[in-house]
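Student: Coordinates only, no sequence provided:
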């Protein structure tokens with residue numbers, strides 16, 4: 001990352017601007033970048049957009065199941081390799097209700113006791 005070769009400073013957004021943005025664009029969420037992420041002097045208050053991985057029905061059930069298994073059944077290893085992996089959350093990954101989940105994802109989440117789509 002850039003922070004390994006340069007000093008990084010993120011500019012925080014104030015509450016008023018964050019709230020105005022969230023009102024107009026609900027797909028954003030309020031987010032705080034911890035100062036240790038980029039070795040900064042203070043945390044930075046900002047907004048973020050969640051990431052989705054999208055496929056079509058041509059991907060096999062086994063491939064999607066194994067993809068999720070590789071991530072969520074190996075979180076400790078991923079988290080030790082990259083700080084952002086600490087934010088991965090199985091229940092959150094299964095919580096988006098505005099689109100259908102791939103059958104491989106439905107199977108994986110069901111085995112973990114979670115209904116895909118958060119319903």
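Tutor: Sure thing, it's come through. Here the structure is a predicted model, which means the values were calculated and not measured.
Student: Would you mind measuring from residue 64 to residue 71?
Tutor: 11 Å (Cβ to Cβ, to the nearest Å). The way it works is simple: take the backbone N, C-alpha and C, and place the C-beta from them, glycine included.
Student: ok, those two, which is more surrounded?
Tutor: The neighbour comparison of residue 64 against residue 71 (other Cβ atoms under 10 Å) goes to residue 64, with 20 against 16.
Student: and the more buried one, that one's in a strand?
Tutor: No - using DSSP: H, G, I helix; E, B strand; the rest coil, the assignment for residue 64 is helix, not a strand.
Student: quick one, what contacts it?
Tutor: Going by Cβ atoms under 8 Å, 6 or more residues apart in numbering, residue 64 touches 55, 102-105, 108.
Student: Next step: those restricted to helices.
Tutor: Secondary structure from DSSP state H places 103-105, 108 of the contacts of residue 64 in helices.
Student: ranking those residues by neighbours, who comes first?
Tutor: residue 108 (26 neighbours).
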